[in-house]
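# For reference, the sequence and a predicted model appear below.
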Amino acid sequence: MAFQRYVLIAGIVVLSLLLMIRWGEFQQKHAALNAAPQSVARTEGSLPAVAGGAELPSASSAQATALPGANAETSGTPPTANRYVRVQTDVFDIKLDLLGGDIVYTALPKYSAKLETPDVPFELLQENEKRQYVARTGLIGVDKGMSGRPLYQTDAAEYHMADDADTLTVVLHTTRDNIDVEKRFIFHRGDYLVTIDYTAANKSEQPWSGAVFGQLTRDSSPDPSVATGGFGVSSFLGGATNKIDPSSTTSEGYHKIKFKDMKDSPLKVQQQGGWIAIVQHYFLAAWIPAADQQSEFKTAADGDLHSVSFAGTSQVVAPGASGHFSAQLYMGPKDQNRLRTISPGLDLSVDYGILWWIAQPLFLLLTKLHGWLGNWGWSIMVLTLLVKSAFFWLNAKAYTSMANMRRVQPKLTEIRERYADDKQKQSQEMMSLYKTEKINPLGGCLPMVVQMPVFFALYWMLLESVDLRHAPWILWIHDLSAMDPFYVLPLLMGATMFFQQRLNPPPPDPMQAKVMQWMPVMFTFFFLWFPAGLVLYYIVNNLLSIVQQYIITKRLNPS
C-alpha cells in the first residue's frame with residue numbers, strides 16, 4: 001500500500017541520515033588519529049614562515065640575539081627556569097616564553113578538562129609531548145627569521161590579577177638594532193580577549209620600518225575537547241577566516257580551512273580588519289588585527305605543523321620617534337554573544353552547518369528558557385513543547401490521516417483479498433476508497449518529513465553549543481552534551497517509539513511489517529551514542545506525539 005511504503009521510505013531516509021552522521025564522525029576522528037604524529041615531543045622545531053613581505057621567525061631559531069648590557073645569565077637563550085613567565089587571571093592560566101614573547105600554554109580554569117576532574121582546567125594551547133599549539137606575535141623588523149627571536153625581559157616571573165582589579169598588564173621589553181621594544185599583554189577580568197600592544201622607540205640614526213604579526217601554529221593531534229568513545233562526537237578541527245576570495249573587496253562571513261588545504265593550496269589574501277583562527281570543538285584561538293588596519297592573512301604547513309597568520313601594514317618610524325602597534329588574541333570558548341561583538345563573522349565559528357538558519361533561533365530560544373529555568377535539561381523539555389506546539393496542526397493532520405487509515409483498514413484488506421491477482425484493479429479500488437473516505441495516504445508521512453530539518457538542526461545545536469558542555473540535568477545525567485553513560489535515555493526513547501508505532505495502522509505487507517517492527521530497535525542503537533540532551537528532546541517529543549495521536553485516534557475510532 002502506498003501509505004506504508006512512504007512511511008517506510010521516510011524511516012529509511014532518517015536511518016540513512018543518522019548513519020551518515022555517525023559514519024562522518026567516525027571517519028573524521030579516524031583521520032585525525034592517523035594524522036597524529038607518533039611523537040610530538042619538541043621544544044624547538046621548524047615553523048613555516050608566513051609573513052607579508054618579510055620572513056617571520058622560525059621556531060628552529062634557537063639562539064636569540066644577546067641583549068646590550070645583559071649579563072651572562074640572560075645572554076642568548078635563557079635557562080629554562082628563567083625563560084617562562086606565568087600569568088594568572090580569573091579566566092586564564094598562561095605561560096609566556098620570553099624567547100619571542102609568545103604564549104606557549106593557555107589553560108581555562110572555568111572549563112574543566114573532564115567532568116570527573118573539575119579541578120583540572122581545560123588546556124587550549126600547549127607546547128609539550130602531547131600537543132604543539134602556540135600563539136606567536138612580534139614585530140617584523142625586530143623578529144628576524146634568520147637571526148632568531150628577540151629575548152625579552154620582565155620584572156617578575158609571575159603575574160596575578162588582584163581580586164579588586166579589572167585589568168592586568170604584563171610588560172616585556174627588549175632592545176635590538178637600537179630599537180627599544182615594549183610589549184604589553186593586557187588582560188581583562190572575565191574576558192578571553194587579550195590585547196597585545198607594542199611601542200617601538202627608534203634609537204638609531206636611520207628610519208626604521210616595522211609591522212605587527214600574529215601567528216597560530218598547531219600540529220594535527222586529536223582535538224582534546226572531543227569525546228573519546230568509538231562513536232564520539234567530532235567537530236571541525238582546522239583553520240577559519242572571514243574571507244577567502246582574493247578578488248573580493250568585502251568580508252564574506254565565515255570559511256573553514258582544512259589542515260591539508262594549508263599545504264595543498266595555502267591562503268594568501270589582504271583585507272582591512274578581519275580575523276583568522278584555529279577552531280575546534282567548543283573552543284578557538286583567533287587573531288584579530290586592528291579594524292582600521294590593512295593586513296595580509298596567510299596559511300602554511302610544514303610537515304605536521306599548520307599555521308594561520310596575519311601581518312599588518314608597515315609603519316616607518318623616524319629616528320628619535322616611536323611607533324605604536326596593536327592586535328588582539330581571543331583564546332577561549334565559542335561564546336556566540338561575545339564573539340559577535342569582537343569581529344563580524346567570528347560568532348559563525350559555532351558551526352551549525354547548512355541548517356544554521358533553524359539552529360540559531362532554536363539556540364536563542366533555548367538560552368532564553370535557561371535564563372528563566374536555570375537548568376539546560378528542563379529548558380530542552382520546554383523547548384520541545386514549544387516546537388511541538390508550533391507543529392501542532394501539522395501533526396494533527398498527520399495523526400488524523402493515520403487514524404483514518406486504521407479505520408478503513410478492514411476495507412483495504414478486503415480489497416486486497418478480492419483483487420489479489422489484479423494489482424492494477426486493486427490500486428484503482430484503493431484510490432477510489434481513499435477518495436470516498438477523503439483520506440490522503442501521504443498525510444501521515446509528509447508532516448514528519450517536514451519536521452526532519454528541525455531534528456537535525458537541534459542535533460548540531462546541542463553538539464556545538466559550549467553552554468551545554470558539562471551541563472547537568474538530574475540524577476545520573478551530569479553532562480547533556482555527552483551520551484547517557486547507562487543508556488537509560490536511549491532505551492526510554494526506543495520504548496516511546498515502540499508505543500507510538502503501535503498507534504499507527506500496521507503495514508499490510510509482512511516484510512514491511514517486520515521492517516517497521518525493527519525500526520525502534522535500530523533507532524535505539526543509533527541513539528546510544530547521541531548526546532543526552534538530544535535524546536531527551538526526542539523522548540519528550542515522542543511522549544507528546546503519543547498523547548496527541550491517542551486522543552485523535554480515540555476521537556475518530558471510539559471503539
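The structure has been received and is ready for your questions. These numbers come from a predicted model, not from an experiment. Residues are numbered from 1 along each chain as shown.
# quick one: the helices in the stretch 301-450 of the chain?
336-342, 356-373, 376-390, 392-407, 409-418, 423-437, 446-464 (DSSP state H, counting those that start in this stretch).
# Of all the ones you listed, which one is nearest Tyr537?
Checking those against Tyr537 by C-beta to C-beta gives helix 376-390 as the closest, at 5.1 Å. C-beta: built from backbone N, CA, C; applies to glycine.
# Let's see the closest one as CSV, backbone CA atoms only.
Taking Å, rounded to 0.1, in the frame of the first residue of the first chain, the C-alpha atoms of helix 376-390 are listed here in CSV:
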residue,chain,number,x,y,z
TRP,A,376,19.5,23.2,30.5
GLY,A,377,17.6,19.8,30.8
TRP,A,378,14.3,21.4,31.8
SER,A,379,15.0,24.1,29.2
ILE,A,380,15.3,21.4,26.5
MET,A,381,12.0,19.9,27.6
VAL,A,382,10.2,23.2,27.4
LEU,A,383,11.8,23.9,24.0
THR,A,384,10.4,20.6,22.8
LEU,A,385,7.0,21.5,24.0
LEU,A,386,7.2,24.9,22.1
VAL,A,387,8.5,23.2,18.9
LYS,A,388,5.7,20.6,19.2
SER,A,389,3.2,23.4,19.6
ALA,A,390,4.5,25.1,16.5
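# now the angle from it to helix 446-464?
160 degrees (axes from the mean of the first three to the mean of the last three C-alpha atoms, to 10 degrees).
# Quick check on Gly274: phi, psi?
phi 80, psi -170 (degrees, to the nearest 10).
# For it, which non-adjacent residue is closest in space?
Asn242 (5.3 Å; C-beta to C-beta, 6 or more residues apart in numbering).
# just Tyr254 next, same as before
Once flanking residues are discounted, Tyr254 sits nearest to Leu348: 3.6 Å by C-beta to C-beta, 6+ apart.
# Just grab the bridge partners of Ala211 for me.
Beta-bridge partners for Ala211, by DSSP bridges, are Ile140.
# Please apply the same query to the one 4 residues further on.
Beta-bridge pairing for Gln215 (DSSP bridges): Arg136, Ser309.
# How many residues are close by it?
Gln215 has 26 neighbours, counted by other C-beta atoms under 10 Å.
# And it, how far from Phe525?
45 Å (C-beta to C-beta, to the nearest Å).
# One more: Met461?
23 Å.
# These two - which one has more neighbours?
Met461 (25 against 14).
# just checking, that one touches Ala359?
Yes. Using C-beta atoms under 8 Å, Met461 makes contact with Ala359 at a distance of 4.1 Å.
# Find the residues that touch each one of the two.
Taking C-beta atoms under 8 Å, 6 or more residues apart in numbering as the contact rule, Met461 and Ala359 both touch Tyr352.
# The residue at minimal distance from the centre of the chain in helix, strand or coil?
The structure's the chain has its C-alpha centroid closest to His281; by C-alpha atoms, centre = their mean the separation is 4.0 Å. Secondary structure assignment for His281 (DSSP: H, G, I helix; E, B strand; the rest coil): coil.
# Remind me which helix or strand the nearest residue to Gln517 once chain neighbours are set aside belongs to.
Leaving aside its chain neighbours, Gln517 sits nearest to Gln501 (7.9 Å; criterion: C-beta to C-beta, 6+ apart). When elements are assigned from DSSP states H and E, Gln501 belongs to helix 488-502.
# who does that helix touch, helix- and strand-wise?
helix 510-527, helix 532-556 (3 or more C-beta pairs under 8 Å, 6 or more residues apart in numbering; DSSP states H and E).
# what's it in contact with?
476-477, 484, 516-517, 519-521, 523-524, 527-528, 530, 532, 535-536, 538-539, 542-543, 545-546, 549.
# Put the buried members of those into a PyMOL selection.
Remark: buried members of the contacts of helix 488-502, expressed as a PyMOL selection using 16 or more other C-beta atoms under 10 Å:
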select buried, resi 477+484+516+519+520+523+524+527+528+530+532+535+536+538+539+542+543+545+546+549
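# Please enumerate the strands of the stretch 101-250 of the chain.
With strands called from DSSP state E, counting those that start in this stretch, the stretch 101-250 of the chain shows them at 102-114, 117-127, 132-140, 158-160, 167-176, 179-188, 193-202, 208-218, 238-241.
# export those strands to a markdown table and tack on mean pLDDT?
Output for the strands of the stretch 101-250 of the chain, formatted as a markdown table (pLDDT from 0 to 100):
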| stretch | mean pLDDT |
| --- | --- |
| strand 102-114 | 95 |
| strand 117-127 | 93 |
| strand 132-140 | 94 |
| strand 158-160 | 96 |
| strand 167-176 | 95 |
| strand 179-188 | 96 |
| strand 193-202 | 96 |
| strand 208-218 | 94 |
| strand 238-241 | 94 |
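# Any chance of these in TSV with distance to Asp302 as columns?
TSV is the format used below for the strands of the stretch 101-250 of the chain (distance: least, C-beta to C-beta, whole Å):
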stretch	distance to Asp302
strand 102-114	17
strand 117-127	16
strand 132-140	12
strand 158-160	33
strand 167-176	25
strand 179-188	26
strand 193-202	24
strand 208-218	9
strand 238-241	15
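# To His324, which of those strands lies closest?
Counting by C-beta to C-beta, His324 lies closest to strand 193-202 out of those; the figure is 5.7 Å.
# Neighbouring strands of that closest one in the sheet, and parallel or not?
strand 179-188 (antiparallel), strand 322-333 (antiparallel).
# Check which residues of that strand are buried.
Neighbour-count burial for strand 193-202 [16+ other C-beta under 10 Å]: 193-198, 200-202.
# Just the angle for it relative to strand 208-218, thanks.
In terms of direction (the same axes, to 10 degrees), strand 193-202 departs from strand 208-218 by 150 degrees.
# Glu464 reaches Tyr352, doesn't it?
Yes. Under the criterion of C-beta under 8 Å, Glu464 makes contact with Tyr352 at 6.0 Å.
# Quickly list what's touching both of those two.
Residues touching both Glu464 and Tyr352 (C-beta under 8 Å, 6+ apart) are Ala359.
# More neighbours: which of the two?
Neighbours per residue, other C-beta under 10 Å: of Glu464 and Tyr352, the larger number sits with Glu464, 25 against 22.
# Tabulate the strands paired with strand 193-202 in CSV, adding columns for distance to Ser265 and mean neighbour count.
Shown next, in CSV, are these (distance: least, C-beta to C-beta, whole Å; neighbours: other C-beta atoms under 10 Å):
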stretch, distance to Ser265, mean neighbour count
strand 179-188, 34, 19
strand 322-333, 26, 20
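# Just put the ones you listed in JSON lines and tack on distance to Pro222.
Shown next, in JSON lines, are the strands paired with strand 193-202 (distance: least, C-beta to C-beta, whole Å):
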{"stretch": "strand 179-188", "distance to Pro222": "29"}
{"stretch": "strand 322-333", "distance to Pro222": "19"}
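# Of all those strands, which one comes closest to Pro121?
Among the strands paired with strand 193-202, strand 322-333 comes nearest to Pro121, with 11.9 Å by C-beta to C-beta.
# Could the C-alpha coordinates of that closest one be exported in CSV?
In CSV, the C-alpha atoms belonging to strand 322-333 read as follows (Å, rounded to 0.1, in the frame of the first residue of the first chain):
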residue,chain,number,x,y,z
SER,A,322,58.2,55.9,18.5
GLY,A,323,55.8,53.6,16.6
HIS,A,324,52.7,52.0,18.1
PHE,A,325,51.3,48.7,17.0
SER,A,326,48.4,46.6,18.3
ALA,A,327,46.4,43.4,17.8
GLN,A,328,44.0,41.2,19.8
LEU,A,329,44.1,37.5,20.5
TYR,A,330,41.0,35.5,21.6
MET,A,331,41.6,32.2,23.4
GLY,A,332,38.5,30.7,24.8
PRO,A,333,35.1,29.2,24.4
